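1. based on what follows, work out the 3D shape:
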Amino acid sequence: MKQKMRLVIADDEEIIRNGLEFFFSSSDLDIEIVGIFESGQQTIEYLAINGADIVLTDVNMTNKSGLDVAAYVHQNMPDVHVVIISGYHEFKYAQSAIEYGVSSYLLKPVSISQLYESFSRLVKEINMEREARKAAQREKEQYSILIPTLQQQFLQNLVYQQSETEAELESEMGRLGFGGNATKKPFSVFELRIISGETFHYGKDRLHLALLNFLRNSKELQFYEKTGVGDTAAFFSYQKDTTTKEALLYVLDALISKASVSFKEVFNISFIVANLKVFDDIIALRQYLICELESRERIEFGTNDGGKYKTETGSDNTIQTALQYIQRNYGRDISLSEVADIMHLNTMYFGRLFKQETGKSYTDYLTYLRIEEAKRMLRDGRSRIFEVGKSVGYINDKFFIRIFKKNMGMTPLEYRKRFKAK
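-> A predicted model of the protein is given here:
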């Protein structure tokens with residue numbers, strides 16, 4: 001059921017107030033009258049407490065005019081629409097009404113048909129605005145749900161952002177919700193290693209996730225998973241309001257101690273903190289992760305354990321195999337880490353190798369494949385837009401449309417129409 005528009009009427013002539021009340025009460029417009037007043041001052045006092053969706057006001061009233069009401073609404077209630085009825089033809093009144101964003105300016109005498117047409121149009125406009133606000137709110141909520149994951153991916157892929165300047169990193173971190181001046185705040189990296197306890201029946205991955213969720217319940221620190229292998233889980237931690245490493249360490253130590261007690265009581269599992277490192281800022285963290293990756297690559301290149309790790313000499317075959325796997329599976333949610341696991345490679349190293357060999361990042365290549373197949377299906381014309389998106393791996397049709405437009409400069413529907421026109 002649609003929510004009715006709340007209407008406030010203001011006019012100093014009783015006969016006009018009564019006539020307007022009768023018209024709106026007996027019309028089929030989705031409008032309910034919530035207040036009727038004879039002065040601008042009374043109207044403003046009511047709006048300040050109760051609000052409204054529409055204000056219908058005469059211009060000339062005692063104790064503040066209709067233009068005073070319009071000015072108040074313009075300054076304090078941007079979502080409220082004002083309609084003015086006036087017997088004044090002077091340009092100065094209409095000009096003021098325009099300045100105050102008045103929706104309609106009707107000249108007396110106003111016919112029933114005029115009034116109905118004007119408010120019918122206004123109701124439709126308000127409904128469209130409401131739907132747009134709801135859609136924007138849903139998108140905002142969906143994005144807020146994704147924020148922790150996007151932040152985690154940002155930190156995990158920090159080594160691939162070596163060419164980005166501090167200003168570029170600051171802009172990206174601001175967009176992802178890390179807070180203002182984020183590149184100047186301290187970060188920590190640490191491991192939690194299980195040292196004793198019963199077997200965790202749901203698997204080590206679930207245990208790592210349980211640890212991460214416990215840590216994320218903190219209102220003081222934010223945590224992101226770095227890696228999780230066997231009995232060891234590594235995490236990033238960050239605090240928006242912390243300005244020193246010492247402050248970060250103090251809060252982190254208290255929280256890990258609390259986690260240790262809880263997991264001992266609930267799961268009979270004990271763990272220790274290992275390899276704890278705290279960095280002054282994101283730049284220092286990035287340099288550490290680069291050195292860590294380079295060190296790991298040197299070790300991996302020197303191993304010979306039945307093919308678990310590939311050497312540079314086998315990179316061509318590795319990437320070709322990976323490309324074939326991606327081409328067979330791009331129609332579902334397929335991550336970089338999944339393909340790296342198939343290739344028996346470290347995720348960060350595989351991502352770096354993939355870009356080196358193909359000239360594209362994993363994400364860019366996957367998007368390219370999906371868009372090319374989407375174009376083919378759109379030209380074919382037998383599938384609906386959302387079916388095309390789903391077929392190429394985009395479950396959310398709005399996200400598919402946004403990605404397609406970003407890459408092609410037009411929406412899928414526009415692309416299909418343009419192809420048909422040729």
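
2. could you give me the buried positions within stretch 164-178?
-> Neighbour counts over stretch 164-178 (16 or more other CB atoms under 10 Å) mark 169-170, 173, 176, 178 as buried. C-beta: built from backbone N, CA, C; applies to glycine.

3. ok, the residues you listed vs residue 117, which is closest?
-> Among these, residue 176 lies closest to residue 117 (CB to CB), at 47.6 Å.

4. what about that closest one, distance to residue 29?
-> In this view, residue 176 and residue 29 are 45 Å apart by CB to CB, to the nearest Å.

5. same check on residue 192?
-> Residue 192 is 63 Å from residue 29, by CB to CB.

6. okay, those two: which has more neighbours?
-> Taking other CB atoms under 10 Å, residue 192 and residue 29 do not tie; residue 192 has more neighbours (24 against 17).

7. partners of the helix or strand harbouring that one in the sheet?
-> Residue 192 belongs to strand 187-197 when assigned by DSSP states H and E. Its sheet considered, strand 187-197 pairs with strand 232-238 (antiparallel), strand 269-279 (antiparallel) by DSSP bridges.

8. mind listing what's buried along the last one?
-> Residues 269, 271, 278-279 are the ones in strand 269-279 that count as buried (16+ other CB under 10 Å).

9. I'd like the buried residues of stretch 164-178 laid out as TSV, including distance to residue 324 and pLDDT.
-> Formatted as TSV, the buried residues of stretch 164-178 follow (distance: CB to CB, whole Å; pLDDT from 0 to 100):
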residue	distance to residue 324	pLDDT
169	35	84
170	39	85
173	36	86
176	33	83
178	37	82
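
10. what's the closest of the strands paired with strand 187-197 to residue 128?
-> Closest of those to residue 128 is strand 232-238, at 40.7 Å (criterion: CB to CB).

11. just the CA trace of the closest one, in PDB.
-> Extracted in PDB, the C-alpha atoms of strand 232-238 (Å, rounded to 0.1, in the frame of the first residue of the first chain):
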ATOM      1  CA  THR A 232      48.300 -20.400  11.700                       C
ATOM      2  CA  ALA A 233      46.100 -17.400  10.800                       C
ATOM      3  CA  ALA A 234      47.600 -14.100   9.900                       C
ATOM      4  CA  PHE A 235      45.700 -10.800  10.200                       C
ATOM      5  CA  PHE A 236      45.900  -7.100   9.600                       C
ATOM      6  CA  SER A 237      44.700  -4.700  12.200                       C
ATOM      7  CA  TYR A 238      43.900  -1.000  11.900                       C
END
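
12. follow the chain on from it and name the next helix or strand.
-> Counting by DSSP H and E, the next helix or strand C-terminal to strand 232-238 is helix 245-267.

13. quick check: angle from that next one to strand 187-197?
-> Inter-element angle recorded for helix 245-267 and strand 187-197: 30 degrees (by axes from the mean of the first three to the mean of the last three CA atoms, to 10 degrees).

14. packing partners for helix 245-267?
-> On a contact count with 3 or more CB pairs under 8 Å, 6 or more residues apart in numbering; DSSP states H and E, helix 245-267 meets strand 187-197, helix 204-216, strand 269-279.

15. who wins for proximity to residue 24 among these?
-> Closest approach to residue 24 among the helices and strands packed on helix 245-267 (CB to CB): helix 204-216, 51.6 Å.

16. who's in contact with the closest one?
-> 148, 192, 194, 200, 221-225, 228, 230-231, 233, 235, 237, 255, 259, 262-263, 267, 269 (CB atoms under 8 Å, 6 or more residues apart in numbering).

17. mind listing what's buried in it?
-> 204, 207-208, 210-212, 214-215.

18. sorry, back to before: looking at the buried residues of stretch 164-178, which are in helices?
-> Among the buried residues of stretch 164-178, the members found in helices (DSSP state H) are 169-170, 173.

19. for residue 6, state which of those residues is nearest.
-> Using CB to CB, the shortest approach to residue 6 within these belongs to residue 173, at 41.9 Å.

20. can you give me the neighbour number for the closest residue to the closest one other than its chain neighbours?
-> In space, and not counting its chain neighbours, residue 173 is closest to residue 182: 4.0 Å by CB to CB, 6 or more residues apart in numbering. As a burial measure, residue 182 scores 20 neighbours (other CB under 10 Å).

21. ok, residue 182 - contacts?
-> By CB under 8 Å, 6+ apart, the neighbours of residue 182 are 170, 173-174, 240, 282.

22. now distance to residue 366 too, for those, in CSV please.
-> Listed next are these as CSV, based on distance: CB to CB, whole Å:
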residue, distance to residue 366
170, 28
173, 24
174, 26
240, 32
282, 27
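
23. now, which of these sits nearest residue 66?
-> Of the contacts of residue 182, the one sitting nearest to residue 66 (CB to CB) turns out to be residue 174, at 43.4 Å.

24. go ahead and confirm the closest one touches residue 168.
-> No. Contact criterion CB atoms under 8 Å: residue 174 and residue 168 do not qualify, at 10.8 Å.

25. tally of neighbours for residue 354?
-> For residue 354, using other CB under 10 Å, the count is 25.

26. skipping its backbone neighbours, what lies nearest it in space?
-> Counting by CB to CB, 6+ apart, residue 362 is the residue found nearest to residue 354 once chain neighbours are left out, at 5.3 Å.

27. for that neighbour, what are phi and psi?
-> For residue 362, the backbone dihedrals (degrees, to the nearest 10) come out as phi -60, psi -50.

28. ok, now residue 11?
-> Main-chain torsions, residue 11, degrees, to the nearest 10: phi -160, psi 140.

29. let's verify the residue most central in space within the chain: helix, strand, or coil?
-> Taking CA atoms, centre = their mean as the criterion, residue 143 is the residue nearest the geometric centre of the chain, at 2.3 Å. Recorded secondary structure, residue 143: helix (DSSP: H, G, I helix; E, B strand; the rest coil).
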